[in-house]
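Visitor: No sequence on hand, only this structure:
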């Protein structure tokens, strides 16, 4: 459980650090099919819009023994493994793809507000029955994930795209050092 809180705190600090970047730097992307930092955050914010209310409701309604009694389900475990950094990229459904959208630094504030909610949830999970199949999967609404799997899916999904966004910023800064006018 502490590891999850630490991951959330590290994710929050990373995005707070990006607030000092220019909007141009946060919108920059290495190619037309790649995502910018803000596109990564808009994608995560869209997932949070779907999953946070469902997780909050499930946590409020499902008392239990938390992580000590949790065992990932077959389906949930597959989704958690498939989204972790380093796994094969998955095709993003169109409604969750913000490539080419006109985005602003407001995505940072939205992400940070969502992080505060995830941190509150994480602090409550030791008192929840995380094995309950309560959360409908957004991209496959006929399927449900255990509460614990849904939380882990979102946590690792964020980790994956924040790593992607960090790599975009590093690439942008490296190119900016070679080509004046590109650095943020």
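Guide: Right, received. Where do you want to start? Note that the structure is a prediction, hence the values are computed from the model and not measured.

Visitor: Checking residue 141 next. Helix, strand or coil?
Guide: Secondary structure, DSSP: H, G, I helix; E, B strand; the rest coil: residue 141 is strand.

Visitor: Test for you: state the pLDDT assigned to it.
Guide: At residue 141, the model reports a pLDDT of 89.

Visitor: Next, work out how far apart it and residue 107 are.
Guide: For residue 141, the distance to residue 107 equals 26 Å [C-beta to C-beta, to the nearest Å]. Placement of C-beta: from N, CA and C, glycine included.

Visitor: could you list every residue that touches the residue positioned nearest the centre of the chain?
Guide: Centroid-nearest residue in the chain, with C-alpha atoms, centre = their mean: residue 158, separated by 2.3 Å. Each residue near residue 158 by C-beta atoms under 8 Å, 6 or more residues apart in numbering is listed here: 11, 44.

Visitor: What separation is there between it and residue 40?
Guide: Per C-beta to C-beta, residue 158 is found 9 Å from residue 40.

Visitor: repeat for residue 106
Guide: According to C-beta to C-beta, residue 106 and residue 40 sit 15 Å apart.

Visitor: list the buried ones in the biggest helix by length in the chain?
Guide: For the chain, the helix that runs over the most residues, judged by DSSP state H, is helix 147-178. Buried residues in helix 147-178, counted by 16 or more other C-beta atoms under 10 Å: 147-162, 164-165, 168-169, 172.

Visitor: for stretch 119-131, same thing?
Guide: For stretch 119-131, burial by neighbour count (16+ other C-beta under 10 Å) applies to 121, 122, 125, 128, 129, 130, 131.

Visitor: and the first one, what helix or strand is that in?
Guide: For residue 121, the host element (DSSP states H and E) is helix 106-124.

Visitor: Can you list the helices and strands that that helix packs against?
Guide: Contacts defined by 3 or more C-beta pairs under 8 Å, 6 or more residues apart in numbering; DSSP states H and E place helix 106-124 against helix 2-18, helix 37-61, helix 147-178.

Visitor: gap between the last one and the chain center?
Guide: Yep, that's helix 147-178 we're talking about. Computed by C-alpha atoms, centre = their mean, to the nearest Å, the chain-centroid distance of helix 147-178 equals 8 Å.

Visitor: Return the angle between stretch directions for that helix and helix 37-61.
Guide: Interaxial angle, helix 147-178 versus helix 37-61 (axes from the mean of the first three to the mean of the last three C-alpha atoms, to 10 degrees): 160 degrees.

Visitor: Low-confidence regions, this structure specifically.
Guide: Counting by pLDDT under 70, the chain contains low-confidence residues at 1-2, 90-97, 177-184.
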